[in-house]
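Participant: build me a model:
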Amino acid sequence: MLIEDSAQTHMPFLVPVSQDEPVLLLCRRGSTDQKWKLHYADSSGQYHRLETGLPDDATECSPTAWHDDRGWHVTFIAGGWSEDRLFRLYRMDGQSLDSISQPVAIHAGTRAGFVLQDRMVFAAKQDHIHIVEPAGSKTIELGGANIYRVSYRPDQPDCLLISGGWNTDNPDGIFVLQYDLSTGDQHFIECDGKPAYKCALLGDRVIYAERIGKDFEDRRLRQASQVVRRPAKVALLRVDNQPAHQPAGCGCGGRNTPSATPESITRPSCLDCVTKHLGAAYVLLTESREGYAHRLRAIGHLFEAEDESQEWSELHDAIREARRAYQTDGTIPDWLAVGQVVEAVYEAVR
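Facilitator: Numbering: from 1, shown residues only. So this is what the prediction gives:
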């Protein structure tokens with residue numbers, strides 16, 4: 001399905017329409033104006049422009065779609081033309097891809113996202129991804145990250161595919177995170193030894209945008225020959241307006257949250273678990289100064305300590321700020337200050 005030509009391509013999405021070859025949506029860069037535009041591949045593998053009717057100088061990206069008995073439903077991100085620089089999430093519908101409706105703006109001021117039936121997902125450039133559904137809304141937080149694309153697996157629609165980059169001096173510090181909304185499972189995805197940047201997943205098939213030039217977005221689609229999934233704990237899910245509930249204990253026998261749990265607490269709090277994760281983060285960050293690659297593991301432990309401390313707002317905020325500072329610019333936590341807050345909570349619960 002992938003075509004070897006001189007054009008740059010990225011942001012693939014595979015749509016399973018029948019038992020035959022899935023339809024590939026993608027963005028293709030013009031050779032003269034260098035603008036990214038929506039395209040699709042037909043059954044013979046030829047690329048065709050997916051006409052949007054937007055201005056010629058608009059940037060179009062991040063297509064997703066589903067197909068049902070009413071036809072095609074395509075969503076994408078576009079903006080940046082001379083008369084309107086604002087990027088928006090758009091939707092188009094039609095019986096076929098070559099006779100599709102004019103785009104309708106669904107959400108303004110977003111650089112990433114999609115619509116899938118009654119679910120809308122959108123994100124600004126940094127930190128937060130918002131999921132809006134009839135049952136309520138959620139927010140995924142990736143502190144210290146720039147969000148470049150959010151799509152999903154059409155065969156597992158609860159699995160979001162998040163392409164981003166950490167706020168560091170390294171322009172190649174990118175990642176691809178698969179986040180399962182139904183289970184909370186998180187995995188980094190790598191293809192052929194590198195992050196599967198702006199990838200499409202369907203079954204065992206993975207297509208990603210491989211860098212081919214000196215500029216960051218000089219890319220061409222490639223089908224992965226080797227795929228590695230690594231467990232992760234870098235994203236925090238917050239449920240908006242979550243009803244009051246009594247979470248189960250953590251099982252460690254430590255100092256847990258009282259039975260009267262505030263509505264804002266989304267998991268049980270345990271002070272002993274908090275100190276365990278803070279201690280692990282301290283050791284990892286100390287070793288990282290000697291050149292060990294412990295950054296992601298340390299962030300994971302700080303995240304767990306933050307999540308385990310929701311009952312004690314001052315401690316929770318202190319750990320949260322420490323994690324965000326480290327993720328954003330590499331600032332090592334002030335362990336003395338954090339430790340003093342921990343000791344104050346211990347005194348209060350004794």
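Participant: residues in contact with the helix or strand encompassing residue 93?
Facilitator: Element membership of residue 93 [criterion: DSSP states H and E] is strand 88-94. Contacts to strand 88-94, defined as CB atoms under 8 Å, 6 or more residues apart in numbering, come from residues 52, 70-79, 100-110, 113-115, 120, 122. Any C-beta I mention is one placed from the backbone N, CA and C, and that applies to glycine too.
Participant: which SSE is immediately downstream of that strand?
Facilitator: Assignment by DSSP H and E places the next element after strand 88-94 at strand 104-108.
Participant: which ones are touching residue 160?
Facilitator: Applying CB under 8 Å, 6+ apart to residue 160 gives the contacts 121, 129, 140, 150, 151, 152, 178, 179, 180, 181.
Participant: buried subset of the residues you listed?
Facilitator: The neighbour-count test (16 or more other CB atoms under 10 Å) marks 121, 129, 140, 150, 151, 152, 178, 179, 181 as buried among the contacts of residue 160.
Participant: same list, those residues, but as JSON lines with secondary structure please.
Facilitator: Output for the buried ones among the contacts of residue 160, formatted as JSON lines (DSSP: H, G, I helix; E, B strand; the rest coil):
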{"residue": "121", "secondary structure": "strand"}
{"residue": "129", "secondary structure": "strand"}
{"residue": "140", "secondary structure": "strand"}
{"residue": "150", "secondary structure": "strand"}
{"residue": "151", "secondary structure": "strand"}
{"residue": "152", "secondary structure": "strand"}
{"residue": "178", "secondary structure": "strand"}
{"residue": "179", "secondary structure": "strand"}
{"residue": "181", "secondary structure": "coil"}
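Participant: SS state for residue 2?
Facilitator: Per three-state DSSP, residue 2 ends up coil.
Participant: hang on, isn't it packed against residue 224?
Facilitator: No - using CB atoms under 8 Å, residue 2 is not in contact with residue 224, being 11.3 Å away.
Participant: neighbour count for these two, which is higher?
Facilitator: More crowded of residue 2 and residue 224, by other CB atoms under 10 Å: residue 224, with 20 against 16.
Participant: how near is that one to residue 25?
Facilitator: 18 Å (CB to CB, to the nearest Å).
Participant: try residue 159
Facilitator: Residue 159 sits 18 Å away from residue 25, going by CB to CB.
Participant: looking at the two, which is more packed in?
Facilitator: A side-by-side neighbour count of residue 159 and residue 25, using other CB under 10 Å, places residue 25 first with 23 against 19.
Participant: who are the packing partners of the helix or strand harbouring the more buried one?
Facilitator: Residue 25 belongs to strand 23-29 when assigned by DSSP H and E. In terms of contacts (3 or more CB pairs under 8 Å, 6 or more residues apart in numbering; DSSP states H and E), strand 23-29 is packed against strand 9-15, strand 36-41, strand 59-68.
Participant: out of those strands, which gets nearest to residue 235?
Facilitator: For the helices and strands packed on strand 23-29, the distance to residue 235 is smallest for strand 59-68, at 19.1 Å, taking CB to CB.
Participant: what angle separates the helix or strand harbouring residue 159 from strand 59-68?
Facilitator: Take DSSP H and E as the rule and residue 159 turns out to sit in strand 156-166. Counting by axes from the mean of the first three to the mean of the last three CA atoms, to 10 degrees, strand 156-166 lies at 170 degrees to strand 59-68.
Participant: let's see strand 156-166 as PDB, backbone CA atoms only.
Facilitator: Provided in PDB are the C-alpha atoms of strand 156-166 (Å, rounded to 0.1, in the frame of the first residue of the first chain):
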ATOM      1  CA  GLN A 156      -9.400  -1.100  19.800                       C
ATOM      2  CA  PRO A 157     -11.100   2.400  19.900                       C
ATOM      3  CA  ASP A 158     -10.400   2.800  23.600                       C
ATOM      4  CA  CYS A 159      -6.600   2.700  22.900                       C
ATOM      5  CA  LEU A 160      -5.400   6.300  22.200                       C
ATOM      6  CA  LEU A 161      -2.200   6.800  20.300                       C
ATOM      7  CA  ILE A 162      -0.400   9.900  21.600                       C
ATOM      8  CA  SER A 163       2.700  11.300  19.800                       C
ATOM      9  CA  GLY A 164       4.600  13.900  21.700                       C
ATOM     10  CA  GLY A 165       7.900  15.200  22.800                       C
ATOM     11  CA  TRP A 166       9.300  16.000  26.200                       C
END
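Participant: which of the helices and strands packed on strand 23-29 is buried the deepest?
Facilitator: Of the helices and strands packed on strand 23-29, the one with the most neighbours on average (mean count of other CB atoms under 10 Å) is strand 9-15, at a mean of 25.
Participant: tell me who's in contact with residue 288.
Facilitator: For residue 288, the contact set (CB under 8 Å, 6+ apart) comprises 294, 295, 298.
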